[in-house]
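This is the structure alone, sequence omitted:
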Ligand code: SF4
């Protein structure tokens, strides 16, 4: 397997870590000579304070919870003893609505569920629906979808980077990240006409082929983007504050990470080389040359490093996809799912019937079920669809990666300080739209 | 850093040795994107043969649908089957992808509870199903003791379908609020827009006081419980919630 | 012992070159208010991402006097509700609105916040105006940053035209104590009826 381990090492040029790689402790008080004063514990602890725990409610409206997450924290002093998460503040009934919509009509909902990764979700859903219809997509469509997936991985990680930097106290990377996002937005807008909620795919193809000038823009982006990543890298990767606030937090061992069902950068930071693109490939990912970064410590810092490396690897994949983009049709030639061209639908009897049937009844797959998983920026995103032969699925289940990742937060924040809860929570890369659905 | 350095998966410097998915397969060919998958039929997963031998009667049916192996098992033995799949060294289904349920539009058809399992070392995928007949109790064993990740997945399934997972440590509603009393949204007899009128739904939602929405468990951890007024304590202990 | 010298009574020294103007108090106060709105983003879903894009480098919300974003309702003038509001969140939104001190305004950003958008189902409030009063609705799913900026500029116009003599200005709306609703239940039921295409999409089979 082509997994290489990017050795994740911290060489510090600034203070923040001691020789063993642990965050340095800053003495609270020094005397004139610069010697550290030891503090005497007050004689006899006040009886009322010992053992009294405090209840802190974080959220649901708190800027650092990345959405409407609510954490109830039991604190001993400033140390978290227990954490009770409450989710569901953004429960919008996606799965119920899916049962009332035809397959192509569901695609706009997939945009809005993990809204940082809309093109990726569109692709995942289309792959699942195509499995149910028994369709194999065209070559060009496969490559276009890879481009969509990797672009959306980049913009999703950029939001994660920007917001996490704000949480931990760095504002500049947020502005840089959003500048790059705007570039990607411009490309998506060229392609499909929307910035965020793209609805890029259709069952059996894409909503649109890429326009003229897209490939030039994309290759310019592929050339320019790594420089920005390097710049962000230079600013924060060895920054003393960053390292001090992330190293050693929220450690999950590999066994635990797998047992808790973590996926994506979360599980890879814990040293488990599991990537759906490599292990259960789709869209011909096995033919692309890319590495899966794997952490060695499973803490917040490793998750950050893994995501940074994934940004670079995604650029690599984009580069290869651009080089191999074949000509040819984008949509499959299957009148069950793809509408005939308008000119034919008004002149050719058969096309007209197909058009009528598709519009009035909707495409109907055969009975069956499938679970199609893709590697979303947050982890293993699965769509489980059950069809009873009608034009609407009986069940459209979303397997949300950040939901499962977040369910491990009580385990991760235990014993850490209140301020570290923010860093740990940010490292999960939660999207409430996906968690609550 | 090689794996030889590691003791129990932890290297000398405290970092983890990497765990590689597909490692149990040796040097077999890398997996490829599935193509031309048939609707029905095809070779089932390699775990099926040993499973049949181990649980002859518990395995009710094996289907291969769109290339994915689906095993329907006896509701009473499902926990044993999953435990075996997880523990057996030649299976090692160590990753729980999903727990969910399916209700069909045809109300005669049984309700299905579905587990999606992955074996990372062997790169296998299997779907375990239990059929709950109409009228039977909606109860299946929890797999929380095998996979910690099942915690919220099962709670969500309970919240949406009303299926009880016996053995789950904390089976409460997860997505809907705890006092939600319209039913289980993903059941087919639940209307898309809910059972109550919009104004009633809004009235019920606004009646909840967001500051008084701590559960008894949460209040008691902070010892705030003892300080509450007597009648509120009484209401909490009888299961009534504050803010109602 | 004499008296201390009297203070200079000429408050405005018209003889010097200090520039000064006369204006209406309303115009002066409103000018200040409209150019230093402190927005509190109540971002729940996708629209919040577009809100972030609006605040970030390219669109730069700070140009409109919104450099400082308030993340506490106690120090905010403008609530920007960006995203869907499910019933579970409704009491939270209501509480946040009540915590904001006067003067306060509200922008409902996006189709979901304004009308429930594409989520006409059991979980989502069909428009936040049934929970809190709204000044400006910004349509779109999500609205483009330009759209949000336009909405903000409309609000600024509204602020600029306020008259402090208006007795209804700054009235804190009190919800009905029994139902906690601002609007009569029948009106809520009426305005949240399904309309357009969604009437035909109530059956799950076909
Ligand atoms: S209006 Fe559209 S983009 Fe905004 S929150 Fe609703 S679904 Fe998301």
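Cool, the structure landed. Note that this is a predicted model, so its numbers are computed, not measured.

Taking chain A, what residue is nearest to chain B?
Proximity to chain B, evaluated over chain A using CB to the nearest CB, is greatest for residue A:261 at 2.6 Å. Every residue, glycine included, has its C-beta placed from N, CA and C.

where along chain A do the strands fall?
For chain A, strands defined by DSSP state E occupy the ranges A:54-58, A:70-76, A:79-86, A:201-202, A:205-206, A:272-273, A:368-376, A:379-387, A:395-399.

in its sheet, what does the last one sit against?
Paired with strand A:395-399 in the same sheet, following DSSP bridges, are strand A:379-387 (antiparallel).

Let me know the average pLDDT across the partner strand.
When pLDDT is averaged along strand A:379-387, the result is 91.

Next, count neighbours for residue A:415.
When counting by other CB atoms under 10 Å in any protein chain shown, one arrives at 10 neighbours for residue A:415.

Ignore what I typed, I meant residue A:174.
The criterion is other CB under 10 Å. On that basis, residue A:174 has 21 neighbouring residues.

and the gap between the residue of chain A closest to chain B and residue B:96?
With distances defined as CB to CB, to the nearest Å, the gap from residue A:261 to residue B:96 amounts to 5 Å.

Then residue C:31?
Between residue C:31 and residue B:96 the distance is 61 Å, computed by CB to CB.

on that earlier part again, show me whatever sits in contact with both of residue A:261 and residue B:96.
Overlap between the neighbourhoods of residue A:261 and residue B:96 consists of B:147, B:149-150, B:153, taking contacts as CB atoms under 8 Å, 6 or more residues apart in numbering or on different chains.

which among these are in contact with chain A?
Residues shared between these and the neighbourhood of chain A are B:147, B:149-150, B:153 [CB under 8 Å from any CB of the partner chain].

Contact partners for the residue of chain A closest to chain B?
With contacts defined as CB under 8 Å, 6+ apart, the neighbours of residue A:261 are A:404, A:407, B:95-97, B:147-150, B:153.

how about a cut-off of 7 Å?
A:404, B:95-96, B:147, B:149 (CB atoms under 7 Å, 6 or more residues apart in numbering or on different chains).

Please list all residues in contact with residue A:246.
Shown in contact with residue A:246 (CB under 7 Å, 6+ apart): A:299-301, A:304, A:423.

actually residue B:144, not the one I wrote
When contacts are counted by CB under 7 Å, 6+ apart, residue B:144 is found next to B:150-151, B:154, B:167-169.

now do 6 Å
B:150-151, B:168 (CB atoms under 6 Å, 6 or more residues apart in numbering or on different chains).

And for residue C:105?
With contacts defined as CB under 6 Å, 6+ apart, residue C:105 is in contact with C:78, C:135, C:155.

so the first one touches residue C:41, yeah?
It stands for residue C:78. No: distance between residue C:78 and residue C:41: 9.4 Å, which falls outside the contact criterion (CB atoms under 6 Å).

counting contacts, what elements does the helix of greatest length in chain C pack onto?
As far as residue count goes, and with DSSP state H defining each element, the longest helix of chain C is helix C:145-160. Helix C:145-160 sits against helix C:25-34, helix C:46-55, strand C:136-138, with contacts defined as 3 or more CB pairs under 6 Å, 6 or more residues apart in numbering or on different chains; DSSP states H and E.
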